[in-house]
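**Q** got a predicted structure plus its sequence, pasted below:
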Amino acid sequence: MRVVGGRHRGRRLVTPPGLAVRPTADRVREALFNILAHGGHVPGGLVGARVLDLFAGTGALGLEALSRRAGHVVFIEHDRAALRALERNIQTLRAGTEVTVLARDATLPGGRVGPPAALAFLDPPYRQGLVAPALAALAAGAWLAPGALAVVEVGAREDVAPPAGYTVLDRRRYGATALVFLRRDADAPQSASEDPS
């Protein structure tokens, strides 16, 4: 597996052994970042953006965003083997100052760390019903800026029913995978725990 574009294009990323982590295929990442570059979905654009990578696994999505000049990525992952691979990939790209790694359950991330993000990637295990709880947790913890984009990777036949406060913008299928693009509603009620900073 490699970074497919940007300043780190071609750099190899390690994956942990076993089946617990399912990295996003290179061609799906390439298609996704072409959409982000040309579709105008990310408020303010990808360059300099604050990004979340939930169910981060190897960090392929967040590291791809950094390669394409995102400003900072917060990775959320709780699997130990995945965290080890993620740390190695961060070291390979010498991206330590541009990332925050949180060893947490993506459905229970707690309150926001740092400023709110303009873009979030969610790549949960397929067909385990984790998308809606993770999106709800992001809203409750004030992780996303109003109008932020969330991109969810699911199985091609898997339905995504987002919680209140999100609007589905688009869905694209790539073989056995689908990408669902959602907008965090700009007028969604703010969580009581939301930090205005």
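**A** Now that the structure is in, tell me what you want to look at. Given the structure is predicted, the values throughout are model-derived calculations rather than measurements.

**Q** need the strands for this protein, in chain order.
**A** 50-54, 72-77, 99-103, 117-122, 144-155, 166-174, 177-184 (DSSP state E).

**Q** strand partners of the fourth one, parallel vs antiparallel please.
**A** In this case it means strand 117-122. According to DSSP bridges, strand 117-122 forms sheet pairs with strand 50-54 (parallel), strand 144-155 (parallel).

**Q** any idea which of the ones you listed is most buried?
**A** Among these, ranked by average contacts under mean count of other Cβ atoms under 10 Å, first place goes to strand 50-54 (a mean of 28). No exception for glycine: its C-beta is placed from N, CA and C like everyone else's.

**Q** quick one, it and strand 99-103 angle?
**A** What separates the directions of strand 50-54 and strand 99-103 is an angle of 30 degrees, with axes from the mean of the first three to the mean of the last three Cα atoms, to 10 degrees.

**Q** now do strand 50-54, average pLDDT.
**A** If you average the pLDDT over strand 50-54, you get 98.

**Q** over to stretch 137-146?
**A** The average of the pLDDT scores along stretch 137-146 is 96.

**Q** just stretch 77-90 next, same as before
**A** 94.

**Q** check the offset of that stretch from the chain's centre.
**A** Between the mean C-alpha point of stretch 77-90 and the mean C-alpha point of its chain there is a distance of 15 Å (Cα atoms, centre = their mean, to the nearest Å).

**Q** same deal with stretch 8-20?
**A** 16 Å.

**Q** for that stretch, buried residues please.
**A** H8, L13, T15, P16 (16 or more other Cβ atoms under 10 Å).

**Q** hmm, who's touching that stretch?
**A** 1-3, 21, 23, 57-60, 63, 66-67, 79, 81-82, 84-85, 88-89, 92-93 (Cβ atoms under 8 Å, 6 or more residues apart in numbering).
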